[in-house]
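J.: just the structure for this:
(one chain, ligands or ions: 1)
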Amino acid sequence: MTPTFMQALRARWQSADTLVCVGLDPEPAKFPARFANDPDAVFAFCRDIADATAEYACAFKPQIAHFAALGAEDALSRLIVHLHAAHPGVPVILDAKRGDIGSTAQRYVAEAFERHGADAVTVNPYLGRDSVQPFLDRADKGVVILCRTSNPGAADLQDLPVAHAGGTRPLYQHVAETIARDWNGHGNVSLVVGATWPEQLREVRAIVGDMPFLVPGIGAQGGDVEAVVANAKTADGAGLMVSSSRAILYASSDDDYADAAAREARVLRDAINRCR
Ligand SMILES: O=C(O)c1cc(=O)[nH]c(=O)n1[C@@H]1O[C@H](COP(=O)(O)O)[C@@H](O)[C@H]1O
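T.: Numbers count the residues shown, from 1 in each chain. Next up is the predicted model:
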């Protein structure tokens, strides 16, 4: 039987001894010159990076806007087919941050899992439970829900105080607790918490127990690996998909781009493993 996303992720953490998630955010302007006249550059570049970094990856995370803005959704689908064929133990998270009324959410489910063949998808919870339910119902797939995002404006709304135990707490903590308690009946949920917020990582970990975290914000956004691992790892020293895109993808703009990406991914894996 095909493993679920969660089973695949846990198996990969174990067998490859890595918590690195390789983000695939193609920006043709940053590609090496050799791709200048390649009509299939988006696919070819991402494939080369993925093949070079797979041994250090617990997951791949293609970001959908980076394909859709180029009219390259077909390249995204073919890339995911390639990832599954060439690296069968490495689950693929489609970063699409979807969220809409139920009938539209159903179509987003079909987009992520039928059209693109992803194993998991990122979802925005702010339309409420019914907007996420079609994703949650897919027990075989992963649902990676935004909790405390990595960007500078994360606090604008996610930190607004909401009533709790006679006082208040920030909204993201309410989101974390609600999802862990009520939305995770199939055990297929993970949370996004930014690497740029070590204190919030610690707080969310205390609320949700061993639920996996997708942690973007390492590398280009400046998150600190040691603080992330110390504050967010689970009791068994895992529980994390520490995601990096640009720092790996564009480590070199010369012909050694794939080797440079592999080196970055290995250095990140080793830095994480030293702190586990
Ligand atoms: O869901 C995400 O992946 C995500 C959530 C978040 O809070 N912050 C965040 O940066 N991301 C994504 O993670 C990637 C980060 O890219 P780098 O900063 O280049 O590593 C981008 O694709 C973002 O869209």
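J.: what's near enough to touch the nearest residue to residue 35 once chain neighbours are set aside?
T.: For residue 35, ignoring the flanking residues on the chain, the nearest one in space by C-beta to C-beta, 6 or more residues apart in numbering is residue 41 at 3.9 Å. To be clear about C-beta, it is placed using only N, CA and C from the backbone, and glycine gets the same treatment. By C-beta atoms under 8 Å, 6 or more residues apart in numbering, residue 41 lies in contact with 28, 31, 35.
J.: again, 10 Å this time
T.: By C-beta atoms under 10 Å, 6 or more residues apart in numbering, the residues touching residue 41 are 26, 28, 31-32, 34-35, 70, 72, 75.
J.: may I ask which of those has the most neighbours?
T.: Highest neighbour count within the contacts of residue 41: residue 26, with 25 neighbours (other C-beta atoms under 10 Å).
J.: hmm, residue 68 and it touching each other?
T.: No. Taking contacts as C-beta atoms under 10 Å, residue 26 lies outside contact range of residue 68: 11.1 Å.
J.: tell me, what's touching these two both at once?
T.: Common neighbours of residue 26 and residue 68 (C-beta under 10 Å, 6+ apart) are residue 76.
J.: not counting sequence-adjacent ones, nearest residue to the residue in the stretch 51-200 of the chain that the ligand sits nearest to?
T.: Using C-beta to the nearest ligand atom, residue 149 is the residue of the stretch 51-200 of the chain that sits closest to the ligand, at 3.2 Å. What sits nearest to residue 149 in space, not counting adjacent residues and going by C-beta to C-beta, 6+ apart, is residue 194, at 5.5 Å.
J.: how near is that neighbour to residue 231?
T.: Per C-beta to C-beta, to the nearest Å, residue 194 is found 12 Å from residue 231.
J.: give me the neighbour count for the nearest residue to residue 226 once chain neighbours are set aside.
T.: Among residues not flanking residue 226 along the chain, residue 275 sits closest, at 5.2 Å (C-beta to C-beta, 6+ apart). Neighbourhood size, residue 275 [other C-beta under 10 Å]: 14.
J.: which residue ranges of this protein form strands?
T.: Along the chain, the segments classed as strands by DSSP state E run 20-24, 57-62, 93-98, 120-123, 142-148, 161-164, 167-170, 189-193, 213-216, 240-244.
J.: okay, those strands in a markdown table with mean pLDDT and mean neighbour count next?
T.: Formatted as a markdown table, these follow (pLDDT from 0 to 100; neighbours: other C-beta atoms under 10 Å):
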| stretch | mean pLDDT | mean neighbour count |
| --- | --- | --- |
| strand 20-24 | 98 | 27 |
| strand 57-62 | 99 | 27 |
| strand 93-98 | 98 | 24 |
| strand 120-123 | 99 | 28 |
| strand 142-148 | 99 | 26 |
| strand 161-164 | 98 | 11 |
| strand 167-170 | 98 | 14 |
| strand 189-193 | 99 | 27 |
| strand 213-216 | 98 | 27 |
| strand 240-244 | 98 | 28 |
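J.: make CSV out of those strands and add distance to residue 268.
T.: Below are the strands of the chain laid out as CSV (distance: least, C-beta to C-beta, whole Å):
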stretch, distance to residue 268
strand 20-24, 5
strand 57-62, 10
strand 93-98, 17
strand 120-123, 20
strand 142-148, 19
strand 161-164, 35
strand 167-170, 29
strand 189-193, 18
strand 213-216, 12
strand 240-244, 6
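J.: residue 85: which of those is closest?
T.: Of all those, strand 57-62 sits nearest to residue 85, with 12.8 Å by C-beta to C-beta.
J.: quick one: contacts for residue 159?
T.: Applying C-beta under 10 Å, 6+ apart to residue 159 gives the contacts 148, 169-173, 200.
J.: OK, contacts around residue 240?
T.: The contact partners of residue 240, by C-beta under 10 Å, 6+ apart, come to 13, 19-21, 58, 190, 193, 195, 201, 205, 212-215, 228-229, 232-234, 272, 276.
J.: measure it to residue 114 for me?
T.: From residue 240 across to residue 114, the span is 29 Å (C-beta to C-beta).
J.: quick one on the thing from earlier: the residue nearest to residue 149 and residue 227 touch, don't they?
T.: No. In this structure, residue 194 is not within contact of residue 227 by C-beta under 10 Å, at 11.6 Å.
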